[in-house]
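> dropping the sequence and predicted coords here.
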Amino acid sequence: MQVAGVVDAMLEAPVAPSFTRLGPALRRRLFHWRDVASYRLDGRVMVVTGATSGLGRAAAQQLAADGATVVIVGRNPQKTAAVAAELRAATGNDGVAFVVADMGDYASVRAAADQILQDHPRLDVLVHNAGALSNQRVTAPDGTEATVASQVVGPFLLTCLLLDRLVASAPARVITMSSGGMYSAAPTVRGIQMDEASYKGAKQYALAKRAQVTLNEMWAGHVDRSSVVFHSLHPGWADTPGVQEALPTFRKVVGPLLRDAAGGADTMVWLAADDGEPLATTGGFWLDRRIRPIHRLPGTRTADTPERRRRLWEWVSEQAGCNPFDEAASHA
């Protein structure tokens, strides 16, 4: 394992080989990964947002194939219902259900949480995967920039609303699909929403993804790990509909080396299914089943101060209208 660790570090250092499909191809052999198809998850209930395409759909299908009751959350009623039916047919698992919610519409998130709580007396895993990179600035119903609303505030609110059910189902897990794009951004509140004049979709996406990773660590600091563990992860560079639409040049250049959806979703499924390391740790940022540093640039590390973290938590909880740790957050 020591030799494998050295090889892994060498692969990780230059970024590009690690993030492409070469990363998991080599690491699978180095660390003798257990096949995600070998897990038996009967009786476990797992909610996956953004599950109608790409990484979310691949993860939901594998979890359902492993026997879990899977609740997929999507924005479009017809598409979400159709995908749920397709997953039931593909896996032979009649326990695939769906809930309709726009993660950037907080009233919709609250309604989805109510439905999940009504329909499922236990909740083992909550996966935050909904997200898109938009090249045009759009606002959510409350006026918040849509990327921040749907990928930062909405998931925070859903976690807050489902936390008691997760704790009651212990040991439970909350998993957030972030992105390596967050390495270029520092935690911030003042600059988290780009204005119309300066808006760049990739930068806004990176800011939101950085906030996700920061909040993941803060949730882990607030919640007893014996009840609920929190993980965020980077899927590597995967060929998803979002990449095809928002980053066509990147896809054209890197295309042959991009991971497929199942490859990008592997660590997400493993974190949801495995009862070893994923339950023994909390607050980590993962790539290819190993915890990675959350900073690669000195500037983002220097900017990641306790005061900025405190302000981020306070701002997000205020926007969400939900904070189960008022006293703890004030001292984070």
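Done, it's in.

> wait, residue 100 sits on residue 74?
Yes. When contacts are counted by Cβ atoms under 8 Å, residue 100 is listed as touching residue 74 (6.5 Å). From N, CA and C alone the C-beta is placed, and that goes for glycine too.

> shared neighbours, these two?
In the contact map built from Cβ atoms under 8 Å, 6 or more residues apart in numbering, the residues linked to both residue 100 and residue 74 are residue 80.

> lowest confidence element among the helices and strands of this structure?
Within the chain, confidence by mean pLDDT, DSSP states H and E is lowest for helix 326-330 among all helices and strands, at a mean of 48.

> ranges for the strands of the stretch 51-200 of the chain?
Remark: strands of the stretch 51-200 of the chain, listed N- to C-terminal, are 69-74, 96-100, 125-128, 172-177; assignment by DSSP state E, counting those that start in this stretch.

> partner strands of the last one, with direction?
Looking at strand 172-177 with DSSP bridges, its paired strands and their directions are strand 125-128 (parallel), strand 228-233 (parallel).

> show me which positions of whichever helix or strand comes after it end up buried.
The C-terminal neighbour of strand 172-177 among helices and strands, as given by DSSP states H and E, is helix 201-222. Applying a neighbour-count criterion of 16 or more other Cβ atoms under 10 Å, one finds 201, 204-221 buried in helix 201-222.

> next, format the strands of the stretch 51-200 of the chain as JSON lines and append mean pLDDT, distance to residue 49 and mean neighbour count.
Output for those, formatted as JSON lines (pLDDT from 0 to 100; distance: least, Cβ to Cβ, whole Å; neighbours: other Cβ atoms under 10 Å):
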{"stretch": "strand 69-74", "mean pLDDT": "98", "distance to residue 49": "4", "mean neighbour count": "28"}
{"stretch": "strand 96-100", "mean pLDDT": "98", "distance to residue 49": "9", "mean neighbour count": "20"}
{"stretch": "strand 125-128", "mean pLDDT": "98", "distance to residue 49": "6", "mean neighbour count": "28"}
{"stretch": "strand 172-177", "mean pLDDT": "98", "distance to residue 49": "9", "mean neighbour count": "26"}
